[in-house]
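1. fold the following for me, if possible:
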Amino acid sequence: MDYRLGGPADAAAVAALFETSFVATFGHLYAAEDLALFLGGFGAERWATELADPALVFHVAEHDERILGYAKAGPLTLPVEVEGTALELRQLYLLADAQGSGAGQALLDRAMATAAARGAAAVVLSVYVDNHRARRFYERNGFKRVGRYTFMVGNHEDEDDLMVCSLVR
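-> Model (predicted):
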C-alpha cells in the first residue's frame, strides 16, 4: 500500500470510493430518496473543490494506482468544545478489499500527525452510534466519547457519537 496526499486530480476516484463505501456500510439504513439526496451532494465537482482547499488535507491509500481509502481532516465544524485548537477528522473511508489491511490505521496516523503539525491540541470526529467496529477502532486510538450529534442523511436523522482524542500528553 502506498500513501500520499490527495489533490484535485483524485476527485473522481474519491467520489466513487466515498459513494461505494458509504452505500456498502450504511445504505441499508435509509430510504432510497434520503440516500440519493445525501449522495447527490458529493459529486466529483465538490470533491475537486475540497481537494484543492488548503484548509483541508486528504491522505489517500492506494495500490497499483487505485485509491482504496482516504482520510479527510480540516477545521473543526462539530459542536465540541476543546481546550486549544482542534482538527476534525471529517471522514475516513476504505473500500471493502482494503479493510483489515492496516490502511485505516495508517490513514488515521497520518491525519493525527497532520493535526499535530498544524498545532492542534485535539482531534474531533463523529461516528454513527451503531458503527461498533469504527467506534472500537477510534477508542483503541485514544478517542473518548464526549456527546451526541445529529447527522443528516437526506431527511433522515442519525445519531452519531462525538469523540475527542487529546494530542497533549
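2. the helices in this structure, which residues?
-> Applying DSSP state H to the chain gives helices spanning 11-26, 32-39, 44-52, 103-117, 132-140.
3. any idea how far the residue positioned nearest the centre of the chain lies from residue 134?
-> Closest to where the C-alpha atoms of the chain average out (Cα atoms, centre = their mean) is residue 91, at 0.8 Å. Per Cβ to Cβ, to the nearest Å, residue 91 is found 11 Å from residue 134. Yep, even glycine has a C-beta here, placed from its N, CA and C like the rest.
4. over to residue 115?
-> 18 Å.
5. which one's more surrounded, those two?
-> Using other Cβ atoms under 10 Å as the criterion, residue 115 and residue 134 rank with residue 115 on top: 23 against 17.
6. now the more buried one: closest residue in space that isn't a chain neighbour?
-> residue 87 (3.9 Å; Cβ to Cβ, 6 or more residues apart in numbering).
7. and what of residue 71?
-> Residue 71 sits nearest to residue 107 (Cβ to Cβ, 6+ apart), 4.0 Å away.
8. isn't that neighbour right up against residue 3?
-> Yes. Using Cβ atoms under 8 Å, residue 107 makes contact with residue 3 at a distance of 7.4 Å.
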